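# model this:
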Amino acid sequence: MINAPNAGSPSWKPLIFQGLVLAALLIPLFPGVFLAGEAAVPGGLLFERLPWKCYAPEDMEITKNWPTVETLVFFNKCYVLTKEALLNGEWPLWNHLEITGLPLLANFQSAVFYPPRLLHLLFDIYTGTTLFVLLKLWFAGMTAYCCARVFRLNAYVACFVSVAWMLSGYNLTWAYWSPPDVSAWAPMLLMGPELILQRYHRAGFFSLALGGTLLILAGHPETAFVFGLGVGAYFFLRCAFERRWGRELGVPMLLAGGAWGLVLLVCSAQILPFIEYLPASSNFVNRPELEHMQKFLPPSVTVALWVPRFYGHMADGNYWGDISINTNFVCFLYPGIAVWTGIALLLGRRGFTNAERHRILALAAPAVLFFLMAFPVPLLNPIQKLPLLDSMWRCYYVAFTMLALTFLGGMGYSKWFS
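Take a look at the predicted model:
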């Protein structure tokens with residue numbers, strides 16, 4: 001399953017070994033969970049709100065890292081309401097506890113149909129959330145490993161890609177939020193077109209269909225859209241570089257289109273209520289008119305590609321960058337120095353095969369474009385004003401860039417040590 005095509009019979013041993021490596025790396029990332037039996041939920045944040053605020057310690061400092069705050073004020077609320085509805089034999093359609101009521105299923109980020117959400121049904125909310133957070137990072141590493149092997153990288157380099165993607169600033173920064181739920185399946189989505197183009201049609205179809213389904217159901221539509229668009233660009237560029245025509249183009253297009261048709265059919269129970277809900281969302285309606293709601297990244301934060309905490313952090317109280325953008329949007333730009341080293345090695349080598357060159361260019365081109373889309377680049381304004389794109393938070397475009405950089409770094413190591 002994880003061997004590169006034509007590399008012999010499938011073997012589960014490397015996959016199991018890689019799973020254990022990733023699980024071991026989670027221990028130092030969450031020492032309180034593994035060494036002290038704590039839940040990966042910032043329960044102390046309750047002291048910032050009534051009625052618990054009345055009992056807060058006098059020396060308590062207010063937390064300024066809002067993604068962890070949202071774990072309690074939004075995501076745990078969705079988990080509790082969904083579990084309550086399902087245990088009562090009801091569809092989790094509505095949040096009856098806030099104001100005069102709010103949509104629950106149609107909110108999309110409640111991710112009611114996302115399979116790992118079964119953890120909240122099988123365990124208490126805090127244990128389920130802890131496992132949910134740990135597994136999203138583990139899944140990110142495992143899917144990256146499988147995708148790297150399909151990209152014909154050797155097992156050692158695939159291990160590097162796996163670890164690098166799991167520990168990418170994009171995934172770690174948002175570990176308590178929903179974007180990593182989506183990015184965990186992005187490598188599986190990327191693996192689909194690659195298998196199809198290598199003429200492993202059945203495997204490619206199901207990889208694309210499964211990856212796309214989990215990507216959409218994971219609960220962050222903007223990130224899912226970016227990964228889908230990026231993988232689509234990779235697919236079309238590969239076809240263009242290889243000058244496919246006739247059946248060589250028609251079969252991959254038909255398989256990819258069929259896979260996405262199946263994805264939309266399976267996810268329609270989540271997508272259709274969301275489409276109905278969007279016109280009532282002030283954020284969606286106002287974003288095209290209000291520039292501050294579009295969340296561009298200021299050009300100065302590009303330094304965070306190499307030094308993620310260069311501008312400090314709101315949680316440390318030493319942030320001195322452009323305060324119109326939360327520092328968590330800055331930290332997720334960091335792919336890791338080891339990734340940049342691999343990219344440097346890639347640029348320093350020659351003698352690539354046509355297949356290797358096509359993969360590199362098809363990943364690099366959309367990665368550069370999507371990175372620029374996250375910034376206020378006047379030349380790209382006509383693209384950003386297109387319908388649907390005009391309601392995107394621009395900063396999320398870099399999600400595909402971070403994935404592409406990780407794989408490009410792996411390709412550099414693979415080529416240099418081959």
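# ok, L35 to A24 distance?
Separation of L35 from A24 (CB to CB, to the nearest Å): 13 Å. Every residue, glycine included, has its C-beta placed from N, CA and C.
# Could you find the closest non-adjacent residue to V80?
I125 (5.8 Å; CB to CB, 6 or more residues apart in numbering).
# repeat for Y234
In space, and not counting its chain neighbours, Y234 is closest to A362: 4.8 Å by CB to CB, 6+ apart.
# if we look at the host helix or strand of the one you found, which residues are touching it?
Following DSSP states H and E, one finds A362 within helix 354-373. The contact list for helix 354-373, computed with CB atoms under 8 Å, 6 or more residues apart in numbering, reads 151, 194, 226, 229-230, 233-234, 237-238, 241-242, 346, 352, 380, 383-384, 394, 397-401, 404-405, 407-408, 411, 415.
# Which members of those residues are classed as buried?
By neighbour count, with 16 or more other CB atoms under 10 Å, those hold 151, 194, 226, 229-230, 233-234, 237-238, 241-242, 346, 380, 384, 394, 397-401, 404-405, 407-408, 411, 415 as buried.
# three-state assignment of the residue lying farthest from the centre of the chain?
Distance to the chain centre peaks in the chain at E58, reaching 38.4 Å (criterion: CA atoms, centre = their mean). Three-state assignment for E58 (DSSP: H, G, I helix; E, B strand; the rest coil): coil.
# With F47 as the reference, measure out to it.
Distance from E58 to F47, by CB to CB: 11 Å.
# how many other residues sit next to L20?
Neighbours of L20 under the rule other CB atoms under 10 Å: 10.
# Make sure it is indeed in a helix.
Yes: with three-state DSSP as the criterion, L20 is located in a helix.
# ok now do it, which residues does it touch?
Neighbours of L20 in contact, by CB under 8 Å, 6+ apart: none.
# Could you measure from it over to G261?
Relative to G261, and taking CB to CB, L20 is found at 37 Å.
# all helices of the stretch 51-200 of the chain, in order?
Assigned by DSSP state H, counting those that start in this stretch, the helices in the stretch 51-200 of the chain fall at 66-70, 76-87, 118-122, 125-150, 155-166, 169-173, 179-183, 186-197.
# okay, the ones you listed in a markdown table with distance to A256 and mean pLDDT next?
Shown next, in a markdown table, are the helices of the stretch 51-200 of the chain (distance: least, CB to CB, whole Å; pLDDT from 0 to 100):
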| stretch | distance to A256 | mean pLDDT |
| --- | --- | --- |
| helix 66-70 | 34 | 67 |
| helix 76-87 | 32 | 92 |
| helix 118-122 | 29 | 93 |
| helix 125-150 | 16 | 95 |
| helix 155-166 | 23 | 96 |
| helix 169-173 | 25 | 91 |
| helix 179-183 | 19 | 95 |
| helix 186-197 | 6 | 96 |
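# F235 against M191, yeah?
No: assessed by CB atoms under 8 Å, F235 is found out of contact with M191, at 11.6 Å.
# So the two - more neighbours on which side?
Using other CB under 10 Å as the criterion, F235 and M191 rank with M191 on top: 26 against 21.
# Tell me which residues touch the more buried one, please.
Going by CB under 8 Å, 6+ apart, M191 touches 143, 146-147, 150, 204, 207-208, 211.
# Surely I271 touches L264?
Yes: between I271 and L264 a contact is recorded at 6.9 Å, counting by CB under 8 Å.
# who has more neighbours, the two?
The neighbour comparison of I271 against L264 (other CB under 10 Å) goes to I271, with 18 against 13.
# Compute the distance between that one and A155, please.
38 Å.
# now P116
Here P116 is placed at a distance of 27 Å from A155 (CB to CB).
# cool, and A175?
Taking CB to CB, one finds A175 at 27 Å from A155.
# just N328 next, same as before
34 Å.
# where's the closest residue to C147 other than its chain neighbours relative to F75, distance?
Excluding the flanking residues, the one nearest C147 by CB to CB, 6+ apart is P187, at 3.8 Å. Taking CB to CB as the measure, P187 falls 24 Å from F75.
# Neighbour count: those two, which is higher?
P187 (30 against 21).
# Can you pull the poorly scored residue ranges out of the protein?
Filtered on pLDDT under 70, the chain yields the residue ranges 1-10, 62-68, 283, 285-293, 310-326.
# If you tally nearby residues, what's the number for G44?
Residues lying near G44 (other CB under 10 Å) number 14.
# how about the closest residue to A158 other than its chain neighbours, what does it touch?
Setting aside the residues directly before and after it, A158 is nearest to A148 in space (CB to CB, 6+ apart), at 3.7 Å. Counting by CB under 8 Å, 6+ apart, A148 touches 157-158, 161-162, 187, 407, 410.
# thinking again about what came up before, just the ones in helices from the buried ones among the contacts of helix 354-373, please.
Counting by DSSP state H, the buried ones among the contacts of helix 354-373 place 194, 226, 229-230, 233-234, 237-238, 241, 346, 384, 398-401, 404-405, 407-408, 411, 415 in helices.
# separation between A304 and N381?
In terms of CB to CB, A304 sits 24 Å off from N381.
# Which of the two has more residues huddled nearby?
The neighbour count for A304 versus N381, taken as other CB under 10 Å, is higher for A304 (21 against 9).
# from what I can see that one touches Y334, true?
Yes: the pair formed by A304 and Y334 meets the contact definition of CB under 8 Å, at 5.8 Å.
# Can you give me the buried ones in stretch 360-374?
360, 362-364, 366-367, 369-374.
# Any idea how far that stretch is from the middle of the chain?
16 Å (CA atoms, centre = their mean, to the nearest Å).
# so how many other residues sit close to I337?
11.
# quick one: it and W306 touch, right?
Yes: counting by CB under 8 Å, W306 is a contact partner of I337 at 7.1 Å.
# ok so, going back, check contacts around the residue nearest to V80.
76, 79-80, 83.
# how about those, which pair is most distant?
Spatially, the most separated pair among the contacts of I125 is N76 and K83, at 10.4 Å (CB to CB).
# Contact partners for L104?
So L104 contacts 78, 81-82, 85, 92-95, 110, 112 (CB under 8 Å, 6+ apart).
# Please state the offset of the helix holding A362 from the chain centre?
Distance, centroid of helix 354-373 to centroid of chain: 18 Å (CA atoms, centre = their mean).
# Same question for stretch 351-365.
Using CA atoms, centre = their mean, the offset of stretch 351-365 from its chain centre is 24 Å.
# what's the answer for stretch 266-276, then?
With CA atoms, centre = their mean, you get 20 Å for stretch 266-276.
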